[in-house]
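Chemist: return a 3D structure for these sequence lines:
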Amino acid sequence: MALYQHLWKCEKVPARTLLLREGAVCDRIYRIRRGCIRAFFDRGDKEICFEFFFEKDIVYAPESFRLRVPSGFALETIEPCILYSIGREETAVLRKDHDYYNLILDRIAVLHSEQLRHF
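Modeler: Purely as a prediction, here's the structure:
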């Protein structure tokens, strides 16, 4: 994958930055180099945080990204982060060159969707 390293953008993001708003369509995939991100959703007057992500984790809303549907949750940095991110257009290059990559993304989207049904 070093061949595709130029497709990833490195960015420094402050704490409490909303990377994905609940109800928005996810258009980026993040890999955490340093920091922590939380996934949460609003239920009336309270936020329900259901997952935390740390260094080396891949973070995005798979179903939203893949199917271009509104995300059922939000992503927010908890502390200052250094992130690598790749957008939908850049992933098209990977998809074109690697059929296996498409299978992995499809499977992640299905598994994540099944997990969120419990909420």
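
Chemist: and the helix or strand harbouring Ile48, what does it pack against?
Modeler: When elements are assigned from DSSP states H and E, Ile48 belongs to strand 46-53. Applying 3 or more CB pairs under 8 Å, 6 or more residues apart in numbering; DSSP states H and E, one finds that strand 46-53 makes contact with strand 37-43. For the C-beta atoms, the positions are set from N, CA and C on the backbone; glycine is no exception.

Chemist: in a strand, Ser85, correct?
Modeler: Yes. Ser85 forms part of a strand when assessed by DSSP: H, G, I helix; E, B strand; the rest coil.

Chemist: does it touch Trp8 like I think?
Modeler: Yes. Using CB atoms under 8 Å, Ser85 is in contact with Trp8, at 6.8 Å.

Chemist: list residues touching both of the two?
Modeler: Common contacts of Ser85 and Trp8, defined by CB atoms under 8 Å, 6 or more residues apart in numbering, comprise Arg31.

Chemist: quick one: which of the two has more around it?
Modeler: Ser85 (19 against 16; other CB atoms under 10 Å).

Chemist: contacts only, for the more buried one.
Modeler: With CB under 8 Å, 6+ apart, Ser85 has these contacts: 8-9, 11, 28-31.

Chemist: measure it to Tyr30 for me?
Modeler: Distance, Ser85 to Tyr30, by CB to CB, to the nearest Å: 5 Å.

Chemist: end to end, how far does stretch 71-89 reach?
Modeler: End-to-end span of stretch 71-89 (CA to CA, to the nearest Å): 19 Å.

Chemist: buried stuff in that stretch?
Modeler: Within stretch 71-89, the residues that count as buried by 16 or more other CB atoms under 10 Å are 71-78, 81, 83-86.

Chemist: just stretch 5-13 next, same as before
Modeler: Buried-residue list, stretch 5-13, by 16+ other CB under 10 Å: 7-8, 13.

Chemist: nearest residue to the middle of the protein?
Modeler: Tyr60 (1.1 Å; CA atoms, centre = their mean).
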